[in-house]
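Participant: Here is a sequence together with a model predicted from it:
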Amino acid sequence: MRYELVTTWYGTFVIDSTSNEVIDKKLFPRDLEEIVERLIMMRSGDVLEEEKELRDKYKDAEMIVYEERLLKLENVVLSKSKPKVNMNIKFEDYGFSKDFFQKCLMEYSRRLTSEQAARDRYVSQTVSALDDIIKIINLMAERLREWYSVHFPELSREIDDHEEFARIVYEYGDYETIRGKLERFSSLVSSGAPIGEEDIQMIKLFAKYLLDMIELRKRLQEYLENLMKDVAPNLTHLLGATLAARLISHAGSLERLATLPASSIQVLGAEKALFRHLRRGARPPKHGVIFMHPYVHGSPRWQRGKIARALATKIAIAARADAFTKQFIAEKLKDDFEKRVAEIKEKYRNPPPRVIKGKKKKKRKPKR
C-alpha cells in the first residue's frame, strides 16, 4: 500500500496514490484561533497532532509526504513534486465556507506580520541594550581601576582584562592579601596609600556590580545569537549575530532591509557622511556598519570599498531569503563572498599610485 499524507488549511488527509481518493482524514476544529495556531505551527516546522495520529494509524503503509517538516515522522518518503490531489480536496465538501477561509487568511496574515514586527523590535532593543551595557562596563572598569589605584596602582598595570581585574579585587581585596595568595603578584611593591576596611568593602562591592554587568553582557550576547538564528539565519551565518542585528536595527526591520538595494546597505549607518557628500560635495562614504566585518576593517584601505560592495551584495540576497523565501543559502553566499575577497586581494595587492595635484599656474594678463 502506498499512501500520501497531505495537510491543507482545514485538515490532514491520507490519499491513495493510485486512485487519488481520500482514504482517511482529520479535520481541524471549526474555530478561527485553532486553525490559525495550526498554520503558525506548520510554518515553524512543527508536526501537528493530526498528522502524527494518521501516520500511526497507517504505520505499515509506505507514506509519501510533500513537506520537509514531516520527515520528523517515522518511515516517510519526501517527494519533490507537488501533490496532485489538492483538486479533489475542496473545503466546501467538508463544511467550511469561503467567508471562513477569508477570515482565517486575514487572521493568519495579521499574526505573521505582528510576530515578525515584534521579533524585529526585540532584535533592535537587544542590540541597543548590548551597546548600553558595553558603555557602562567600560565606564565602571575605568572608575574601578582609578579608584583601586589609590591603594595598589601596580595591579592595574599588570592586568589588562577588565573582568580579571574586577574578579581579583572582589575576591582578595587589599594589596597584602593579593600578594600573599597570588604568587604572580608576590614580587610587586605597592606605592599606593593604605586602605581601611570600610574603603575596601565599598571597592569590592563596586567590583561585584561590574562583574554582574559583564555576566549580563554575556547573557545578552547569547540571547541575541539565539534570537538572530531564529529571525535571520542567513544573515547571522554570513555576518555574525551582532552585525546582522545592527543592520536590521539601522534598516528598521528585516523586511525593510530585504527591500534595500546593495548600494544602500553598503552605507547603512553612515548617513551623516552621506549627507555631507550630497550637500557639500565631500567624499562619499565607502561603508557604514559593515565596516565592523573582519574582512572589511581588516583589509588595506584601498581594498575596503570593493570588499564592502561585495559584502553588501551578499547581504541583500541573504536578507531576501530570510524575509521571504525562508531558504538557507548562507553557506553558498559565504563561499562566494570569500572567493570574491580572495580575488580582490590578489588583483589589488598593491596600493594605487598617489596622484599629486600640481599648483595651478596663474594666467598672465595680456599687456596693453
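Facilitator: That came in fine, so what should we check first?
Participant: contact partners of stretch 188-204?
Facilitator: With Cβ atoms under 8 Å, 6 or more residues apart in numbering as the test, stretch 188-204 has contacts from 144, 147-155, 158, 169-170, 173-175, 179. For every residue, glycine as well, the C-beta is placed using N, CA and C.
Participant: Please write out the alpha-carbon positions of it in CSV.
Facilitator: Taking Å, rounded to 0.1, in the frame of the first residue of the first chain, the C-alpha atoms of stretch 188-204 are listed here in CSV:
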residue,chain,number,x,y,z
LEU,A,188,55.1,43.6,43.4
VAL,A,189,55.7,46.5,45.8
SER,A,190,52.8,49.0,46.1
SER,A,191,53.5,52.7,46.0
GLY,A,192,49.8,53.4,47.0
ALA,A,193,48.3,54.6,50.1
PRO,A,194,47.0,52.4,53.0
ILE,A,195,43.3,51.4,52.8
GLY,A,196,40.7,51.0,55.6
GLU,A,197,38.2,48.2,55.9
GLU,A,198,35.2,50.3,55.0
ASP,A,199,37.0,51.6,51.9
ILE,A,200,38.0,48.1,50.7
GLN,A,201,34.5,46.8,51.2
MET,A,202,33.0,49.6,49.1
ILE,A,203,35.5,49.0,46.3
LYS,A,204,34.8,45.2,46.4
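Participant: Phe152: how many residues sit nearby?
Facilitator: Around Phe152 there are 23 other residues, counting by other Cβ atoms under 10 Å.
Participant: Distance of it relative to Ala166?
Facilitator: Going from Phe152 to Ala166 by Cβ to Cβ, to the nearest Å gives 14 Å.
Participant: Same question for Gly269.
Facilitator: Spatial separation of Gly269 from Ala166 under the definition Cβ to Cβ is 31 Å.
Participant: When these two are compared, which one has more neighbours?
Facilitator: Higher neighbour count among Gly269 and Ala166: Ala166, with 27 against 21, using other Cβ under 10 Å.
Participant: give me the element that one is part of.
Facilitator: Using DSSP states H and E, the secondary-structure element containing Ala166 is helix 162-172.
Participant: Run through who's touching that helix.
Facilitator: Outside helix 162-172, the residues touching it (Cβ under 8 Å, 6+ apart) are 137-138, 141, 144-145, 148, 155-156, 159, 178, 181-182, 203-204, 207-208, 210-211, 214.
Participant: what sits against the closest residue in space to Phe337 that isn't next to it in sequence?
Facilitator: In space, and not counting its chain neighbours, Phe337 is closest to Lys314: 4.8 Å by Cβ to Cβ, 6 or more residues apart in numbering. Neighbour list for Lys314: 238, 333-334, 336-337 [criterion: Cβ under 8 Å, 6+ apart].
Participant: Could you rerun that using 10 Å?
Facilitator: With contact taken as Cβ atoms under 10 Å, 6 or more residues apart in numbering, Lys314 is in contact with 234-235, 238-239, 262, 265, 329-330, 332-334, 336-337, 340.
Participant: and what of Pro83?
Facilitator: 4-8, 13, 15, 20, 64-67, 89.
Participant: now Pro153
Facilitator: Remark: with contacts taken as Cβ under 10 Å, 6+ apart, Pro153 is in contact with 145-146, 190-193.
Participant: Which of those residues scores worst on pLDDT?
Facilitator: Of all the contacts of Pro153, Ser190 has the smallest pLDDT value, namely 77.
Participant: burial of that one, as a residue count?
Facilitator: Using other Cβ under 10 Å as the criterion, Ser190 is surrounded by 18 other residues.
Participant: Confirm it sits in a helix?
Facilitator: No. Secondary structure assignment places Ser190 outside any helix; it is coil (DSSP: H, G, I helix; E, B strand; the rest coil).
Participant: mind checking the backbone torsions on it?
Facilitator: For Ser190, the backbone dihedrals (degrees, to the nearest 10) come out as phi -80, psi 140.
Participant: same thing with Asp212?
Facilitator: Dihedral angles of Asp212 (phi, psi; degrees, to the nearest 10) stand at phi -60, psi -40.
Participant: confidence score at it?
Facilitator: Asp212 carries a pLDDT score of 96 in this model.
Participant: Next: Arg340.
Facilitator: Arg340 carries a pLDDT score of 94 in this model.
Participant: my read: it touches Ala308, true?
Facilitator: No. Counting by Cβ atoms under 10 Å, Ala308 is not a contact partner of Arg340; they are 11.5 Å apart.
Participant: Pull up the overlap in contacts between the two.
Facilitator: Overlap between the neighbourhoods of Arg340 and Ala308 consists of Tyr295, taking contacts as Cβ under 10 Å, 6+ apart.
Participant: Looking at those two, which one has more neighbours?
Facilitator: Neighbours around Arg340 and Ala308, counted as other Cβ under 10 Å, are more numerous at Ala308. The numbers are 25 against 18.
Participant: Flag the shaky bits of the stretch 201-350 of the chain, pLDDT-wise.
Facilitator: Residues of the stretch 201-350 of the chain meeting the criterion pLDDT under 70: 271, 273-275, 277-278, 281-282, 284-285.
Participant: Could I get the full set of strands for it?
Facilitator: Using DSSP state E, counting those that start in this stretch, the strands of the stretch 201-350 of the chain do not appear at all; there are none.
Participant: do you know how far the residue nearest to Phe337 is from Asp16?
Facilitator: As for Lys314, its distance to Asp16 is 46 Å (criterion: Cβ to Cβ).
Participant: What of Leu188?
Facilitator: Separation of Leu188 from Asp16 (Cβ to Cβ): 84 Å.
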